[in-house]
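Peer 1: I would like the atomic coordinates for the input below:
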Amino acid sequence: MLSSTTPKRYRFSFGPWNISTGADPFGPPVRKEMEFARKLKAYKELGFDAVQFNLVFASNPARSLYERLGWVEIGRIPEAVDGEDALIYWRRVGP
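Peer 2: Modelled structure (predicted):
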């Protein structure tokens with residue numbers, strides 16, 4: 001039996017489908033658009049620590065933009081689709 005006197009502090013992240021512009025790719029818009037910086041502030045206030053992109057293709061030319069905006073590559077899936085690597089990006093929502 002495991003015993004611990006120190007409570008655990010869980011950390012949470014979520015994917016960008018939670019922060020879309022208001023339209024689900026599979027359905028109609030469900031809310032008004034909100035600028036990304038405002039979303040990050042709201043998520044921090046809700047207790048989230050980070051946002052992640054679950055799949056960005058290695059050949060995506062926007063990768064350098066993501067990195068300039070604070071996204072960090074945290075994983076790579078070799079030959080994920082048609083022989084191309086897919087990357088996982090992460091970004092903290094607050095300081």
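Peer 1: If you count neighbours, what's buried in stretch 34-44?
Peer 2: 39-40, 43 (16 or more other Cβ atoms under 10 Å). For every residue, glycine as well, the C-beta is placed using N, CA and C.
Peer 1: Let me have those residues in JSON lines, adding distance to residue 60, secondary structure and pLDDT as columns.
Peer 2: Output for the buried residues of stretch 34-44, formatted as JSON lines (distance: Cβ to Cβ, whole Å; DSSP: H, G, I helix; E, B strand; the rest coil; pLDDT from 0 to 100):
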{"residue": "39", "distance to residue 60": "21", "secondary structure": "helix", "pLDDT": "80"}
{"residue": "40", "distance to residue 60": "21", "secondary structure": "helix", "pLDDT": "82"}
{"residue": "43", "distance to residue 60": "24", "secondary structure": "helix", "pLDDT": "80"}
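Peer 1: Out of the residues you listed, which is nearest to residue 58?
Peer 2: Within the buried residues of stretch 34-44, proximity to residue 58 (Cβ to Cβ) peaks at residue 40, which comes in at 25.6 Å.
Peer 1: check contacts around the nearest residue to the closest one once chain neighbours are set aside.
Peer 2: Using Cβ to Cβ, 6 or more residues apart in numbering and skipping residues adjacent in sequence, the residue nearest residue 40 is residue 93, 4.7 Å away. Contacts for residue 93 (Cβ atoms under 8 Å, 6 or more residues apart in numbering) come out as 40, 43-44, 48-51.
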